[in-house]
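Engineer: sequence and predicted structure below; questions after.
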Amino acid sequence: MEGVTDALNADAVQSLASGAPEWLQNRRLDAWATYERTPMPSTRLEEWRYTDLSRLLELDSLEPLPWSKRTFDRASAPASLDAALEADREASGRVVELDGSVAHVELDADLAEKGVRLLSLRDAVEEIPEVLERRLATEALPATDGKFQALNAALWQDGIVLVVPRGVRMEDPIRVTRHVSRTGQAIFSRVLIVAEPGSQVSFVDEIVSEDLEEQTLFSSAVEIFAEDAAQVQYVSLQRMGRGAFHLAQQRTIAGKDSTLDTLNVTMGASISRLDLNARLMGPGANSDMLGLCFGDGDQHFDHNTSQDHDAPHTHSDLLYKGALDDRARSVFRGIIRVAKGSQQTDAYQTNRNLLLSEHARADSLPNLEIEADDVRCSHGATVGQLDQDHLFYLMSRGLSRPQAERLVVIGFLGEVLQRLPLGGVVEKVSRGIEEKLNG
Amino acid sequence: MPQNEVVQDLGLDEYKYHFITEDEPVFRSGRGLNEKVVREISAQKDEPQWMLDFRLKALEIYNSKPMPTWGGDLSNLENVLEDIFFYVRPQDKMEHSWDDVPPNIKETFERLGIPEAEQKVLAGVGAQYESEMVYHSLKKEWDDKGVIFDSIEDGLKNHPELFREYFGTVIPAADNKFSAMNAAVWSGGSFVYIPKGVELDTPLQAYFRVNQEQMGQFERTLIIAEEGSKAHYIEGCTAPVYSTESFHSGVIEIVVKPGAHFRYTTIQNWSNNMYNLVTQRAMVHENATMEWLDGNLGSKLTMKYPSCYLMGEGAHGSVLSIAYSGDGQHQDTGGKVVHAAPNTTSQIVSKSISKGTGRSTYRGLCQVHEGATNAKSNVECDALLINETSRTDTYPYIEIEEKKSNIGHEATVSKVGDEQLFYLMSRGMSEEEAMALIVRGFIEPIAKLLPLEYAVELNRLIELEMEGSVG
Amino acid sequence: MSDAPILSIRNLHAKVADEDIEILHGVDLDLNKGEIHAIMGPNGSGKSTLAKLLAGHPGYEVTDGTVTYKGEDVLELEPDERSQAGIFLAFQYPVEVPGVSIANFLRTALQARLDEGEEIDLFDFQDQLMSAMEVLEMDPAFAERPVNDGFSGGEKKRNEILQMAMLKPTLALMDETDSGLDIDALQVVAEGVNRLSEENPEMTVLIITHYQRLLNYIKPDHVHVMVKGRIVRSGGPEVAEALESEGYEEFRTVGA
């Protein structure tokens, strides 16, 4: 039973499950059983080829952090959280999560009146059990999907649930800010977004922390449903400090004629692993999948994406870009799968990497599996250094070499942001890149 | 689906090499692979002790390695391997004149057009029938210049030191399960040595034929191209269609010394019940060039990824491939380039056509080691799907440890567009002509590099079959 | 300030970096303040190399000779230092910079000219940019487009002149600015340069061109003919006219 430790064990699950409704107890216990019988992923698995967990994940030293009632006081917010909130712009609703426990939720009164629900996962268990029983760790991220999906489904302590009723369109995003301060802990949190037919919502999910002395695991499981003709944008901004191991599993399920776009920005943590699966389930569904990462020091980023076209006339377009300095390393493994019968599908996948230092490394595995003939699919991947002609051109206009390099890097990564220009996000990310470039 | 029928008419599915030659081999090993078979093969060849030791060690490695779980469907292979003959000796000795080759075998090769081609356009010809080379000859002018083109067995006998210096160095037995298998039971193949500065102006050709039902062919080729030399080697493969599955697993090792230029062309048209699992690799030294040209048209399953290890500064490697997968076929092919020195360049271009239930997979690796500054690599894969039931996959691995390098990979998947067909037909072409034109245009960038002017084989397969079907 | 030339080139030899191909075989040239010079020459004569070299392109290496700008050796300066000293190269093939808008690019370039702690006035900047774009008949929306990314040939060249207008150089090097322009675009570009010249009479301009065409719109004070890495003839505008009618043939032997 790989991965069962003194702290992460059946007792821990039992104590979380006790007192919960029966369906939830069963779901946690089943998930734990799945976790126990699933082997720990090794580098022999294609999906984990470049991320050796036996070396990188210190499971034995991690303690699951119990839920606690936290209150949020802006005045005493730690620096990284304060800065993140300071830079935020208008929002339809806000959530603050501290060490995995939701501490503050607010929602525009008009929207609340229209039936929008924004609440902590714990509260949602009480208030909208029918939604959770149907959707939580079932269709999107069931425990049977993998070792860590199972672990999160068994041990989640809290999370965020958003339900947007039919036809409700939200002008401004929901902004979530999470902060982690407890070092050496394992935090399991979930997000569930249900956008009912014809609704519209943007969701910005930001996580920050100071540097953490011991390895700290933040496991995030994100499930998003865009029902017929709904429009959803999900943005994840990961700016954790060193010491963090950020493990994100995301699955998006796009119904007929819906649009479900994601942007994943990875700048922080020592190790960051993202598994993103976009499923295009209804004809006319559309998903743009954007990602950017900027690594320095000895950061290790691993992105594992998949685009599943299970209906005809579906469209997906992925663009992931990475800039890597110092000894940083990034892995991109992406796959487009076009199932039989998914005719008239367009699926694209592009991964571009910029190596800024001698010792940086980029691995790119853009894969295709196509079982329908009337499709347009392409993928491309490049790895290169800063273009000397670019630098000369900029320097010939008076920019110093570092300035020119900075501009090229910002331009390189900026292309991703331009495709999903969400208020506040562009500025935050641009500033984050600047900060990293300034070392 | 009219397009389906059209492609049927292109004749790519029609297998012209199904004829069985009635003969009785002079020796045949028992079925399956075991130590006894390995010792028998070695004894039959009267080999030195070191080679027997090498084979036995390789057998151990083979037994210790699991079957690959990636690539094609190998689930039935273990059953196949239990039933096949690993060694079949068709005649007592190898001949250097067609007149001395037994009539039934000679006729086989005549039907394949080999002796005729030899006279016209080849520098040398080798022909393998079952497990042994039955014929080998080299034009005198090249012989005089010190070129060696021999069966691998004669290479071992006649040039023992040269042979031992390089044998198994490019592809060690332990490289993969099938290279280990080949190392244990290898038989036949060529030994080629091109002396310093010698440039062959016409190609060497080896021809591989499997005639017996239920046998395995395990040829092994070792090629050394000395400094500044230049040569082109072509291999062609066919077999009759039996109801049971056969197995072919070759190992090709090539050493390309500084400044040399070597091209290796394969036109594989095995019958479509053949498992074809081949390891091909070249060590490419300073300013040398290695080109793999790989045409995979036949077999049930091919797994083959010709590779170039660019070991010296300025080395260049290229892998150009065409794969055609018809009903029930799976071509799992591609290429590997490893940049281990500065200023090395490489190119992989892969074109595949999948028809019916055919499946074409591109699998490739581009690796740039730290310190291989200014490495440049470009990979392009294009897949054409003819039917709804066809499938294509692309699995490129790109591993870059050097900042000063420039690596690109592009792939596209498309079908023959209705607009395209309509446009051509509106200019007066029949649907067949239009289809043939589009398919030919698709593979043209690679097909034009094939030595059409020489190889009977290639002409037949690439050009004539497609054109000939157009009424 | 004496009347010494603003740019003085002496016996300049240069080769392609990393290769032993000498392209300039001893060029001598003096440009005085406010003058407009043109260097004409056939393809491969080295005229573009000279322009790029003066801007500090890393692809070329000086093997002999000197280049003095405002009395100082410029060969040791980095491209950005030359730019800040007032040298501007309008590229023959402007480079695409995806993701960086023209406005952002120019703001950064102007900011780089200021001392630490100084900030450019964004309102002034915006006014300047818009009026410069108007002169060049550029759509204001262009300011937000990434530099040269997806631009047509003519748009790229206009963008070069726009940068020249904003950066206000002392010495403008125009490398084949006329190539790839239709006659309307050529007129707009030429008018832009003439206007800059009027606004700033001290600006020195060196036009590199194969054809006389551009010189119908921008009148040079001096015309030089370059063949095979040397200047083989210098004179007034009449030299360009002679070339137009006679071609480069007669000079090929001279330069050999």
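Structural biologist: In hand now; what should we look at?

Engineer: separation between the residue nearest to B:Ser190 when sequence neighbours are not counted and B:Val251?
Structural biologist: Leaving out its chain neighbours, the residue that sits closest to B:Ser190 by C-beta to C-beta, 6 or more residues apart in numbering or on different chains is B:Thr221, at 4.7 Å. Bear in mind the C-beta positions are built from the backbone N, C-alpha and C, glycine included. Distance of B:Thr221 to B:Val251, computed by C-beta to C-beta, to the nearest Å: 7 Å.

Engineer: give me the next element, helix or strand, following the helix or strand where the residue nearest to B:Ser190 lies.
Structural biologist: Take DSSP states H and E as the rule and B:Thr221 turns out to sit in strand B:220-225. The element immediately downstream of strand B:220-225 (helix or strand, assigned by DSSP H and E) is strand B:230-238.

Engineer: what mean pLDDT would you report for that following strand?
Structural biologist: Mean per-residue pLDDT for strand B:230-238: 86.

Engineer: do the same with stretch B:326-340
Structural biologist: On average, stretch B:326-340 scores 94.

Engineer: just the C-alphas of it, formatted as CSV.
Structural biologist: Provided in CSV are the C-alpha atoms of stretch B:326-340 (Å, rounded to 0.1, in the frame of the first residue of the first chain):
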residue,chain,number,x,y,z
GLY,B,326,-3.8,-0.3,-45.0
ASP,B,327,-6.5,-2.5,-43.3
GLY,B,328,-5.2,-4.2,-40.3
GLN,B,329,-1.7,-2.7,-40.5
HIS,B,330,0.1,-0.7,-37.9
GLN,B,331,3.2,1.3,-38.8
ASP,B,332,4.8,2.5,-35.6
THR,B,333,7.7,4.3,-37.0
GLY,B,334,9.7,7.5,-36.7
GLY,B,335,13.2,8.5,-35.9
LYS,B,336,15.6,9.5,-33.2
VAL,B,337,18.3,12.1,-33.2
VAL,B,338,20.7,12.6,-30.3
HIS,B,339,22.8,15.7,-30.4
ALA,B,340,25.9,15.0,-28.3
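
Engineer: is any part of it close to chain A?
Structural biologist: No: if you take C-beta under 8 Å from any C-beta of the partner chain as the test, stretch B:326-340 misses chain A, and the best it gets is 11.8 Å.

Engineer: next one: that stretch to chain centre, how far?
Structural biologist: Its chain's C-alpha centre and that of stretch B:326-340 lie 11 Å apart, by C-alpha atoms, centre = their mean, to the nearest Å.

Engineer: check which helix or strand C:Ser197 maps to.
Structural biologist: Using DSSP H and E, C:Ser197 falls in helix C:183-199.

Engineer: which residues are in contact with that helix?
Structural biologist: C:36, C:135-137, C:154, C:157-158, C:161-162, C:164-165, C:168, C:172, C:174, C:177-178, C:181, C:203, C:205, C:213-214, C:217-218 (C-beta atoms under 8 Å, 6 or more residues apart in numbering or on different chains).

Engineer: type out the ChimeraX command that picks the buried ones from those.
Structural biologist: The buried subset of those, as determined by 16 or more other C-beta atoms under 10 Å in any protein chain shown, is captured in ChimeraX by this line:
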select /C:36,136,154,157,158,161,162,164,165,168,172,174,177,178,181,203,205,214,217,218
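
Engineer: so which of the contacts of helix C:183-199 are in strands?
Structural biologist: Counting by DSSP state E, the part of the contacts of helix C:183-199 found in strands is C:Ile36, C:Ala172, C:Met174, C:Val205.

Engineer: and which of those residues is nearest to chain B?
Structural biologist: C:Met174 (30.8 Å; C-beta to the nearest C-beta).

Engineer: that closest one pairs with what?
Structural biologist: Taking DSSP bridges as the rule, C:Met174 bridges to C:Ala90, C:Ile207.

Engineer: residues touching it, list them.
Structural biologist: In this structure, C:Met174 makes contact with C:Ala51, C:Ala90, C:Val193, C:Val205, C:Leu206, C:Ile207, C:Ile208, C:Thr209, judged by C-beta under 8 Å, 6+ apart.

Engineer: quick check on the residue in chain A that chain C sits nearest to: phi, psi?
Structural biologist: Nearest residue of chain A to chain C (C-beta to the nearest C-beta) works out as A:Gly411 at 3.3 Å. Main-chain dihedrals, A:Gly411, degrees, to the nearest 10: phi -60, psi -40.

Engineer: my read: it touches C:Pro146, true?
Structural biologist: Yes: between A:Gly411 and C:Pro146 there is a contact at 7.0 Å, judged by C-beta atoms under 8 Å.

Engineer: out of the ones in strands among the contacts of helix C:183-199, which is nearest to A:Leu85?
Structural biologist: A:Leu85 lies nearest to C:Ala172 out of those, by C-beta to C-beta, at 48.8 Å.

Engineer: residues in contact with the residue of chain A closest to chain C?
Structural biologist: The neighbourhood of A:Gly411, defined by C-beta under 8 Å, 6+ apart, consists of C:Val97, C:Pro98, C:Gly99, C:Val100, C:Pro146.

Engineer: mind listing what residue 161 touches?
Structural biologist: Went with chain A since none was named. Applying C-beta under 8 Å, 6+ apart to A:Val161 gives the contacts A:Arg117, A:Leu118, A:Leu119, A:Ser120, A:Leu121, A:Ala124, A:Ile128, A:Val131, A:Leu132, A:Val191, A:Leu192, A:Ile193.

Engineer: looking at chain C here, not the other one
Structural biologist: Applying C-beta under 8 Å, 6+ apart, we find C:Ile161 in contact with C:Ala90, C:Leu136, C:Thr177, C:Val189, C:Gly192, C:Val193.

Engineer: residues in contact with A:Val131?
Structural biologist: Contact partners of A:Val131, counting by C-beta under 8 Å, 6+ apart, are A:Ala124, A:Val161, A:Val163, A:Leu192, A:Val194.

Engineer: secondary structure class for it?
Structural biologist: Here A:Val131 takes the helix state, with states given by DSSP: H, G, I helix; E, B strand; the rest coil.

Engineer: likewise A:Asp60?
Structural biologist: A:Asp60 is classified as helix under three-state DSSP.

Engineer: so A:Ala124 lies in a helix, does it not?
Structural biologist: Yes: assignment of A:Ala124 by three-state DSSP places it within a helix.

Engineer: burial of it, as a residue count?
Structural biologist: Neighbour count of A:Ala124, defined by other C-beta atoms under 10 Å in any protein chain shown: 22.

Engineer: again with B:Ser137
Structural biologist: Residues near B:Ser137, counting by other C-beta under 10 Å, number 19.

Engineer: mind listing what the residue nearest to it when sequence neighbours are not counted touches?
Structural biologist: Nearest residue to B:Ser137, sequence neighbours excluded (C-beta to C-beta, 6+ apart): B:His96, at 5.0 Å. By C-beta under 8 Å, 6+ apart, the contact set of B:His96 is B:Tyr135, B:His136, B:Ser137.

Engineer: if I look at B:His96, how far off is B:Val125?
Structural biologist: The value you get for B:His96 to B:Val125, if C-beta to C-beta is used, is 10 Å.

Engineer: common neighbours of the two, please.
Structural biologist: Residues touching both B:His96 and B:Val125 (C-beta under 8 Å, 6+ apart): B:Tyr135, B:His136, B:Ser137.

Engineer: could you measure the first one against chain C, distance?
Structural biologist: Think B:Tyr135. For B:Tyr135, the distance to chain C (C-beta to the nearest C-beta, to the nearest Å) stands at 50 Å.

Engineer: go on, the second one?
Structural biologist: Applying C-beta to the nearest C-beta, the value for B:His136 to chain C is 46 Å.

Engineer: and that residue, what does it touch?
Structural biologist: If you count contacts by C-beta under 8 Å, 6+ apart, B:His136 has them with B:Met94, B:Glu95, B:His96, B:Gly124, B:Val125, B:Gly126, B:Ala127, B:Phe149, B:Asp150, B:Ser151, B:Asp154, B:Ser190.
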